[in-house]
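**Student:** Here is my input; please provide its structure:
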Amino acid sequence: MTIQSHFDKFNKKIYLTSYSEGYKKAKEKDNSIFEDIKTAFKEAGYPVIDSFMQGSFAVNTAINSLDGDFDIDRGIVIDAQKAPEDPVAPKKVIKEVLDKRNFKNSRIKNPCVTADYTSINLHIDYTVYKKETSFFGDDNYYLAVGKNGSCDDHKEWSESDQKGLIEWIDSVDDFVFGATVKRKQLKRLIRYIKRWRDVNFNSEGVRKKIFSIGLTVMLKEQYRPNPLSAEVDDDLQALKSAVDAILDADYISSPWGTNDYRVYVRLPKKPNRDIFQHKVEGGQADGSDLNVGTQLRNKLLKLQEELQKALDETDEVKPCEILNKLFGDDFEVPKQEKQSSSKVASSFMSAGVASLSTAGASGTSQGA
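**Tutor:** Numbering: from 1, shown residues only. Sure, this is the predicted structure:
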């Protein structure tokens, strides 16, 4: 088998779609909850006019969780003309619905309402947008930002182009020839790097701060297949090239006077904020905290080194052993092949000839 065949098997194992068997209950639960939210919003005076999936399901890069959890990330849209002035008000309505639906730890965070369901492994995030249509017919979306207890300075309807972000990730404009094949490969690489994160960051606190959207944006920006060819490298070489480019770019840098690092990745669409911004006194600052940035850099350097070792191997088993350590047991290591029957027969015949020769010399018969 080629190394690509092993990557294809790995991708099939980790790939999660809305049609995957384990996801069906989560999807049914989400649809039921959403119906309750629509009813509650209508009663509150701002009916839902649209809804769309966000996150990895929206761009087809979802992977099976190592702990069996399922995530739902849904955007809920209301008409700007009917939206309440207070952006936290509709989020409170969502929280009330979730509390009634047996969710635990439902809470209003700055960008969303989040909760965990008690009877199935389901984590849910709902964000609220108001949509405003300009004089020229353009649709502009504003995200409800704020949480319980936020002062007016920390609550706002913030312009946010989430649909534009989804379209940007899906775009094949830069790929020219073989666009569909290249987009599929990009999505595979994103799934691989997310599983690599899940396997290699032992601290849950750090792992949760290596945001999937941050990894996705870096890979999208640094995935550079040959635009003049419809062919692509195998996934091992493509991933190695992308990791090289990420490390050569200016995402990770060391603040003056330190030996540690921060990672900076900006959203390519509004609000164009830094994805990895960290908390500081009085708000947020661009870039990750030093622990997250330093760990990410060190582990990316190790990933780069190990991928090169896999590329340098000439047999089938050794690179798979390396990749198994990087990506976990879902990247299977093939068993060493036993000698083929023709080789065994050849060895047997050689041994037989040698025995016959020895027998003749000593005057004994190997016949009847």
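
**Student:** Could you list the low-confidence segments of this protein?
**Tutor:** Applying pLDDT under 70 to the chain picks out residues 337-368.

**Student:** can you map out the helices along it?
**Tutor:** For the chain, the helices defined by DSSP state H occupy 3-14, 24-44, 55-58, 89-100, 162-170, 179-200, 204-207, 212-222, 235-248, 290-312, 317-327, 341-362.

**Student:** of these, which approaches Ser65 most closely?
**Tutor:** helix 179-200 (7.8 Å; Cβ to Cβ). For glycine as for every other residue, the C-beta is placed from the backbone atoms N, C-alpha and C.

**Student:** How is this protein divided into domains?
**Tutor:** Domain assignment for the chain, taken from automatic domain parsing, gives 17-161, 171-333.

**Student:** Columns distance to Ser150 on top of the helices of the chain, output as CSV?
**Tutor:** As requested, these are exported to CSV (distance: least, Cβ to Cβ, whole Å):
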stretch, distance to Ser150
helix 3-14, 38
helix 24-44, 19
helix 55-58, 24
helix 89-100, 11
helix 162-170, 21
helix 179-200, 31
helix 204-207, 24
helix 212-222, 23
helix 235-248, 35
helix 290-312, 25
helix 317-327, 41
helix 341-362, 73
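
**Student:** a markdown table please, covering these and showing distance to Pro111 and mean neighbour count.
**Tutor:** As requested, the helices of the chain are exported to a markdown table (distance: least, Cβ to Cβ, whole Å; neighbours: other Cβ atoms under 10 Å):
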| stretch | distance to Pro111 | mean neighbour count |
| --- | --- | --- |
| helix 3-14 | 27 | 17 |
| helix 24-44 | 17 | 16 |
| helix 55-58 | 12 | 20 |
| helix 89-100 | 10 | 19 |
| helix 162-170 | 10 | 17 |
| helix 179-200 | 20 | 20 |
| helix 204-207 | 19 | 12 |
| helix 212-222 | 12 | 20 |
| helix 235-248 | 25 | 19 |
| helix 290-312 | 19 | 17 |
| helix 317-327 | 30 | 18 |
| helix 341-362 | 62 | 10 |
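
**Student:** which one of those helices lies closest to Pro271?
**Tutor:** Closest to Pro271 of the helices of the chain is helix 162-170 (Cβ to Cβ; 10.0 Å).

**Student:** hmm, back to that, can you redo the domains of the chain as TSV with distance to Asp8?
**Tutor:** Output for the domains of the chain, formatted as TSV (distance: least, Cβ to Cβ, whole Å):
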stretch	distance to Asp8
domain 17-161	15
domain 171-333	8
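
**Student:** Would you mind saying which of those domains lies nearest His6?
**Tutor:** Judging the domains of the chain by Cβ to Cβ, what sits closest to His6 is domain 171-333, at 5.6 Å.

**Student:** end-to-end on that closest one?
**Tutor:** Counting by Cα to Cα, to the nearest Å, you get 34 Å between the two ends of domain 171-333.
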